[in-house]
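S.K.: Structure here, sequence nowhere to be found:
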């Protein structure tokens, strides 16, 4: 029987964490509560007040962020020989009783990594602040480009589960330690071509206060997504493999850039000289635009169709 562990990053959640622990179902063997140098001493609170023998507290001397807490929990779970590791938050926004929904697809060999999707049903969004709805929708679009997982949504959702065989392949020390952790996990999984599946989840919001500043995160998230996009394209299309789409990824954007720069330069020149551009000049600007757009769209179409179809953890098991 598979051994299932839950990792709970704990930071400023003293008032909610005990309720979260009490709701973790019996199917879970071990619970790792990572006190990320919490000023409220959530770890001590758990040790003194929780009677759940499955709960083990891991403590950071310095705050590392949610990603750093998860890496600590992941490493401990692998060290203890866990088979599937689930992540939930300690603020009560996730219902631990539905953990089996995340674990079952992995046990059945249908996925390597499962994650919540609060956008699966419009009714699930009741209670979610509108700013979060629009923010998550925008980040989901950027995430598709940076990770290559075009079929999934809600990338910042922290309710996840992963097979240990796949987790062992990830460079845990390189994964973002902050709030970009979930998105960076998807990027890393994409480079391995792990199979990811969305699990419908209802959004739950109470009186808890988020530690994430949306206004501060938008710019950093956008920059990280852009960086990951270029890394993914280089690795997927020029290092691990090379085919027609690799050429399209080079020619398409290059022709588009040339068309924009050349066309803008000619337009400025025409305005300054008060003369019309020749038909040849117009064609020289327009043709690369048309061809470049077609090549870029073709590369995107291939990227969308090129989704992982076989769970990686099954292949790893066969090779071991």
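M.R.: Nice, I can see it. The model shown is predicted, which means the values in this text are computed figures rather than measured ones. Numbers count the residues shown, from 1 in each chain.

S.K.: Now the residue nearest the centre of the chain: which helix or strand?
M.R.: Centroid-nearest residue in the chain: residue 183, 2.4 Å away (criterion: C-alpha atoms, centre = their mean). Using DSSP states H and E, residue 183 sits within helix 181-192.

S.K.: tell me the mean pLDDT over that helix?
M.R.: Averaging pLDDT along helix 181-192 gives 95.

S.K.: ok, now stretch 44-57?
M.R.: Stretch 44-57 comes out at a mean pLDDT of 94.

S.K.: quick revisit: ok, the residue nearest to the centre of the chain touching residue 155?
M.R.: Yes: counting by C-beta atoms under 8 Å, residue 183 touches residue 155, with 4.9 Å between them. In this view, the C-beta of every residue, glycine as well, is placed from N, C-alpha and C.

S.K.: Now do the shared contacts for these two.
M.R.: 139, 143, 147 (C-beta atoms under 8 Å, 6 or more residues apart in numbering).

S.K.: The last one and residue 247: what is the separation?
M.R.: Yep, that's residue 147 we're talking about. 23 Å (C-beta to C-beta, to the nearest Å).

S.K.: Sketch out the low-pLDDT regions of the chain for me.
M.R.: 123-129, 131, 203-217, 319-320 (pLDDT under 70).

S.K.: quick revisit: relative to residue 194, how far out is the residue nearest to the centre of the chain?
M.R.: According to C-beta to C-beta, residue 183 and residue 194 sit 15 Å apart.

S.K.: Strands of this protein, start to end?
M.R.: Using DSSP state E, the strands of the chain run over 4-10, 30-35, 55-59, 84-87, 113-117, 160-163, 196-200.

S.K.: what's the angle between the fifth one and strand 196-200?
M.R.: Note on geometry: by axes from the mean of the first three to the mean of the last three C-alpha atoms, to 10 degrees, strand 113-117 and strand 196-200 are set 30 degrees apart in direction.

S.K.: The residue nearest to the centre of the chain: what's it in contact with?
M.R.: 139, 143, 146-147, 155-156, 176, 221, 224-225, 228.

S.K.: what's the burial count for the nearest residue to residue 303 once chain neighbours are set aside?
M.R.: Spatial nearest neighbour of residue 303, chain neighbours left out: residue 148 (6.3 Å); criterion: C-beta to C-beta, 6 or more residues apart in numbering. Residues near residue 148, counting by other C-beta atoms under 10 Å, number 23.

S.K.: Domain parsing of this protein, as residue ranges.
M.R.: Following automatic domain parsing, the chain resolves into domains at 4-214, 243-305.
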